[in-house]
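J.: any chance you can model this:
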Amino acid sequence: MPNDQENLNRTGNGSGEKHEGHAETGRKGFGSSRSGGRNGFGNASGRNENRSGGNRNRHSFGSSGTGKDHGRSGRPEWKKDGERSARPEWKKDGERSARPEWKKDGERSARPERKKDGERSARPEWKKDDRRPDRSVNAERRSSEAGGSDGLMSRRVALETLLDVSQRDAYAQLALEKRLRQANLDARDSAFVTRLVYGTIENRITLDYRMDQLLEKPEELDPTAREILRLGAYQLFYMDRVPDMAATDSSVKLTRSMGMEGLTGVVNAVLRGLIRNREEIRWPDPAEDPIRYLSVMKSCPEGLCRMLIERFGEEGAKEIIEYRHAVPYESIRPNLLRCDLPRLRRVLEEEKMTFEPGLVEGTFRVFDAGDLTRTRAYQNGLFTIQGESSVLAARAVGAKPGQTVLDACAAPGGKTALISEMMQDTGRVYAWDTHPHRVDLIRGTATRLHLENVRPMMRDAQVERPEMAGSLDAALIDAPCSGSGVMHIKPDLKYRITPEGTQALVNIQRAILDSVADMVKPGGTLVYSTCSIFPEENERQIEAFLERDKRYTVEPLGELLPESLRGLEGAHGVQMLAGRDNMDGFYICRMKRTKG
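T.: Residues are numbered from 1 along each chain as shown. Predicted coordinates for the structure are as follows:
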């Protein structure tokens with residue numbers, strides 16, 4: 001686990017908040033700017049994204065005349081007699097000539113005519129207002145999971161992202177967004193890359209187990225070649241619409257494109273071997289080694305399997321490891337100062353979005369939403385992308401107009417924003433983080449949502465600040481954590497979780513609790529939350545805190561919780577589990593300072 005936890009755990013990013021200001025996530029957006037005029041949705045660039053997409057799939061070779069007509073370049077010309085030049089002519093006896101007739105100039109009438117300037121009219125022309133795309137990009141955009149183009153560019157983007165994660169210790173979400181921005185792929189190919197990346201990471205251990213049985217010295221395999229093989233094997237075993245030979249051939253070409261000609265034979269041989277022997281893999285015996293079996297079959301590190309079994313039992317651990325969203329979705333909520341829920345519903349309906357009310361009141365779940373951060377409604381500050389459990393944590397603060405509130409681990413700023421909106425943009429919300437670029441994310445969130453009372457600062461919440469003692473009406477600690485509650489949507493996290501790393505986080509959480517507790521005034525509120533499901537980060541942490549600090553008592557969340565979750569609240573807060581509760585794995589405890 002990285003020392004600074006900067007991308008996720010330090011700021012509670014795994015809690016379901018979306019990074020503000022992302023250019024792309026690799027999924028289809030809300031549509032062109034034409035629709036954006038009505039509701040604020042649409043591509044924020046103001047450019048008709050469908051224009052080049054319409055031209056690129058037309059490859060008929062009719063003449064465009066003199067080139068002055070800037071209509072569809074692929075539409076064939078009509079002859080003077082009103083018939084297409086490529087259509088066979090009728091003989092006098094009324095029968096269609098089976099043999100193409102020769103024109104006076106000696107060319108077949110069906111053969112593309114030459115333009116006056118000597119060029120074949122069959123070459124499509126481009127409109128004056130369209131830029132001709134790069135050939136490699138245009139070819140790649142015609143690719144699909146079912147075949148067609150070999151999709152080399154898409155697979156190259158996926159490979160570079162996987163190398164960022166495995167060799168450069170990047171978080172998958174951030175690495176993928178960066179690579180997709182750079183590649184500028186269309187929605188279909190971006191979705192293909194996204195599935196390749198997350199699917200390959202999700203099933204890494206299972207894929208390696210299959211491949212290693214065909215390698216003489218698997219430990220000596222070049223890391224880049226291994227990622228190429230993982231990509232290829234994922235397509236073979238998890239993507240039915242990709243033909244086996246397409247997965248194999250594209251992997252060989254990908255190896256060659258990386259300057260690894262000498263390893264093309266290895267890649268080809270291993271993937272072909274997997275195709276031949278797909279039913280002959282020798283899997284671990286669950287009776288001999290149940291943890292090894294669970295690890296390989298569910299692609300979960302053995303250390304994490306042990307941690308989960310120790311805390312939840314074998315069946316509980318299996319359910320946690322296996323859980324996935326049946327249909328991926330994004331949770332959104334309106335900006336309380338600029339948009340209400342009925343208006344947001346109308347926008348979604350008019351844009352023909354597929355959505356449903358969230359489990360948490362005042363939220364929507366949008367399915368197949370694409371990159372919502374590129375829509376005008378988002379960039380104009382009408383709504384925020386925020387996990388429902390994160391919304392609950394912010395609401396638990398109970399912020400009121402005119403108060404002074406601290407969000408101690410605030411980036412990227414979704415909970416800070418909701419607290420500010422609850423305060424009607426009055427009073428003051430301090431929003432802290434330990435890294436400059438993440439403080440910039442908070443500042444960007446506040447700017448986008450037009451919030452004036454947010455004060456982003458680079459501060460470490462572990463550090464005691466006597467000058468702030470008793471100055472806060474409320475504080476939220478969405479503490480750095482293991483992220484074990486959101487592994488189903490961020491699969492790379494499961495390869496980072498270790499007992500040692502988790503214990504280090506427990507120590508950080510303890511220090512933040514002790515420091516921030518002194519800043520809350522008597523009668524004030526302290527909320528502690530994580531996106532973890534481990535007891536030592538949650539209820540045990542709070543139990544130990546209450547033993548140390550007798551000034552605080554637990555204040556139940558009660559009706560703030562959805563009705564289906566109210567029965568889960570115990571003496572030290574509420575623990576949600578993703579598979580069981582139809583929410584992200586999350587923990588929340590609200591406390592009141594009752595003594596000075």
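
J.: C-alpha only now, for contacts and for neighbours.
T.: Will do.

J.: correct me, but E388 touches E330?
T.: No: contact criterion CA atoms under 8 Å: E388 and E330 do not qualify, at 9.8 Å.

J.: which one of the two has more residues nearby?
T.: E388 (26 against 21; other CA atoms under 10 Å).

J.: and that one, what does it touch?
T.: 16, 331, 358-360, 363, 583-584 (CA atoms under 8 Å, 6 or more residues apart in numbering).

J.: before we move on, what about G199?
T.: Y234.

J.: buried stuff in the longest helix along the chain?
T.: Taking DSSP state H as the assignment, the helix of the chain that covers the most residues is helix 302-322. Using 16 or more other CA atoms under 10 Å as the test for burial, helix 302-322 gives 302, 304-308, 312, 314, 317-318, 320-321.

J.: after it, which helix or strand is next?
T.: Counting by DSSP states H and E, the element after helix 302-322 in chain order, helix or strand, is strand 329-334.

J.: packing partners for that following strand?
T.: Using 3 or more CA pairs under 8 Å, 6 or more residues apart in numbering; DSSP states H and E, the elements in contact with strand 329-334 are helix 341-350, strand 364-367, strand 383-385.

J.: which of those sits closest to R292?
T.: The minimum distance between R292 and those falls on strand 364-367, with 35.5 Å, by CA to CA.

J.: please save the CA atoms from that closest one in PDB.
T.: What follows is strand 364-367, C-alpha atoms only, in PDB (Å, rounded to 0.1, in the frame of the first residue of the first chain):
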ATOM      1  CA  PHE A 364     -31.100   8.700  -8.400                       C
ATOM      2  CA  ARG A 365     -29.300   5.700  -9.800                       C
ATOM      3  CA  VAL A 366     -28.500   6.300 -13.500                       C
ATOM      4  CA  PHE A 367     -27.800   3.200 -15.500                       C
END
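
J.: now do it: everything it contacts.
T.: Residues contacting strand 364-367 (CA under 8 Å, 6+ apart): 327-333, 353-358.

J.: which of the residues you listed sit farthest apart?
T.: V327 and R333 (19.2 Å).

J.: the strands in this protein, which residues?
T.: 329-334, 354-357, 364-367, 383-385, 404-407, 428-433, 454-458, 472-478, 520-530, 552-554, 574-576, 586-593 (DSSP state E).

J.: who does the longest one pair up with?
T.: Strand pairing for strand 520-530, determined by DSSP bridges: strand 472-478 (parallel), strand 586-593 (antiparallel).

J.: report the distance from the longest one to the chain centre.
T.: It refers to strand 586-593. Relative to its chain's centre, strand 586-593 lies at 29 Å (CA atoms, centre = their mean, to the nearest Å).

J.: that one - what's its average pLDDT?
T.: Mean per-residue pLDDT for strand 586-593: 98.

J.: check the first one too.
T.: Taken as a whole, strand 472-478 has an average pLDDT of 98.

J.: please report the distance of E280 from G151.
T.: Distance, E280 to G151, using CA to CA, to the nearest Å: 29 Å.

J.: more crowded one of those two?
T.: More crowded of E280 and G151, by other CA under 10 Å: G151, with 25 against 9.

J.: so the more buried one sits against T248, correct?
T.: No: contact status for G151 versus T248: not in contact, 12.0 Å apart, counting by CA under 8 Å.

J.: tell me, what's touching these two both at once?
T.: Between them, G151 and T248 share no contacting residue under CA under 8 Å, 6+ apart.

J.: closest to T373 out of the strands of the chain?
T.: strand 383-385 (8.3 Å).

J.: direction included, what does that closest one pair against?
T.: So strand 383-385, judged by DSSP bridges, has these partners: strand 329-334 (antiparallel).

J.: report the angle between the strand it pairs with and helix 341-350.
T.: Angle of strand 329-334 versus helix 341-350, following axes from the mean of the first three to the mean of the last three CA atoms, to 10 degrees, is 140 degrees.

J.: now the helices for the stretch 151-300 of the chain?
T.: 152-168, 172-183, 187-202, 204-212, 223-238, 244-257, 264-276, 290-298 (DSSP state H, counting those that start in this stretch).

J.: test my guess that P334 contacts L382.
T.: Yes: under the criterion of CA under 8 Å, P334 makes contact with L382 at 6.0 Å.

J.: okay, and the common contacts of these two?
T.: Counting by CA under 8 Å, 6+ apart, the residues touching both P334 and L382 are L344.

J.: so who does R272 touch?
T.: R272 makes contact with T248 under the criterion CA under 8 Å, 6+ apart.
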